[in-house]
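Colleague: structure of the sequence below:
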Amino acid sequence: MDTRTADLGPVALTSLVWGDPDDRDRPLAVLLHGFPDTAHTWRHLGPALADAGYRVVAPFTRGYAPSGIPADGSYHVPALMHDVLGLHRAFGGDGRAVLVGHDWGAITANGVAACAANPFGAIVSLSVPPFSVMNPRRDDLGRWLRIVPRQAGLSWYTLFNQLPRLPERRFDVLVAHLWRRWSPGYDAAEDLAHLAAAVPDEAHRSAVIGYYRAQPRLRRLPARYQSLAHDWTREPRVPLLYLHGADDGCLDVRWAGRIGDRLPAGSRVGVVDDAGHFLQLERPDVVNARILDHLREGARR
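Modeller: Numbering: from 1, shown residues only. Predicted coordinates for the structure are as follows:
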């Protein structure tokens, strides 16, 4: 594992890399972490993809050190999508490139999957499906209504993170609590240590909490991201592999059971047993195998 920094204009992103990032004979794989997490969440998948012939780039997304705090102050999903498209260009990606996202990274990957500018040949989302397929419809309204009350309770932290300053002041308590609730039984000590290094002060805490504060305020979206403003809530244009932990304490696993027929043809949906929200860390054997199988199958098509 090494690091590489790419200056994307509004922000410079530092990435963990596995495999030679300059070897253009290898297809590019970009791996996006979520909250409250870092690029180290890919410490199992990154080497597995490198061994399979990919050059892997896992950025610390904007606001997470050692990446920069963006000059434009934007943490909107279109800005995150813009960063991903910039990384694809910066590392010379082509149509063989793979995009994998978890949590906020999954939201970003789902947005890229829905935009006309998508340059990735395969996209994998973990723990958060496309918002478009989570909407109610007439033939499953009853199932949708049975999920929503529990989901509202699980999502309390999204409202807490709208409060001024309090989430920053209680950050350490908040993130330790979320790891315990979201992935019951998983020892997150190593991940929390990486997070502490990536969010070392109040400026960085405000940055990562800013992901939650930005989305209700799309009117503040900078002009450079406007072309992507609506894609992140639209239906994906390309097949997805979507994986969800059976014991996820962040997003109810029942969402995975009602989205399969609403994704593009060729998509796959899987539930990983004995795993919570951070399934790539809890069951890397299963998650890595399913992702690699999906990529091999896509290459054969």
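Colleague: can you give me the helices for this structure?
Modeller: Along the chain, the segments classed as helices by DSSP state H run 45-51, 77-90, 104-114, 141-154, 156-160, 166-169, 171-182, 189-198, 202-214, 279-282, 284-300.
Colleague: could I get those helices as CSV with mean pLDDT?
Modeller: CSV is the format used below for the helices of the chain (pLDDT from 0 to 100):
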stretch, mean pLDDT
helix 45-51, 98
helix 77-90, 98
helix 104-114, 98
helix 141-154, 94
helix 156-160, 97
helix 166-169, 97
helix 171-182, 98
helix 189-198, 98
helix 202-214, 97
helix 279-282, 98
helix 284-300, 91
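Colleague: out of these, which is closest to Cys250?
Modeller: The closest of those to Cys250 is helix 171-182. By Cβ to Cβ, the value is 4.4 Å. (Glycine included, C-beta is placed from N, CA and C.)
Colleague: contact partners for the residue sitting nearest the centre point of the chain?
Modeller: Central residue of the chain (Cα atoms, centre = their mean): Gly105, 1.4 Å from the mean position. Shown in contact with Gly105 (Cβ atoms under 8 Å, 6 or more residues apart in numbering): Leu31, Leu32, His33, Gly34, Thr61, Leu126.
Colleague: can you pull up the bridge partners for the closest residue to it other than its chain neighbours?
Modeller: Spatial nearest neighbour of Gly105, chain neighbours left out: Leu32 (2.8 Å); criterion: Cβ to Cβ, 6 or more residues apart in numbering. Beta-bridge partners recorded for Leu32 (DSSP bridges): Gly101.
Colleague: okay, now Leu32: neighbour count?
Modeller: Using other Cβ atoms under 10 Å, the number of residues around Leu32 comes to 29.
Colleague: could you do the one 5 residues further on as well?
Modeller: Neighbouring residues of Asp37 were enumerated by other Cβ under 10 Å; the total is 29.
Colleague: what does Pro66 give?
Modeller: Neighbour tally, Pro66, other Cβ under 10 Å: 14.
Colleague: identify the residues contacting the closest residue to it other than its chain neighbours.
Modeller: What sits nearest to Pro66 in space, not counting adjacent residues and going by Cβ to Cβ, 6+ apart, is Thr14, at 4.4 Å. Taking Cβ under 8 Å, 6+ apart, we find Thr14 in contact with Thr3, Arg4, Thr5, Pro59, Phe60, Pro66, Ser67.
Colleague: and if you look at Asp140?
Modeller: Contacts of Asp140 by Cβ under 8 Å, 6+ apart are Arg258.
Colleague: I'd say Arg180 and Asp187 touch.
Modeller: No. Using Cβ atoms under 8 Å, Arg180 is not in contact with Asp187; the gap is 10.0 Å.
Colleague: compare the two (neighbour count), which wins?
Modeller: Between Arg180 and Asp187, Arg180 has the larger neighbour count (other Cβ under 10 Å), namely 14 against 10.
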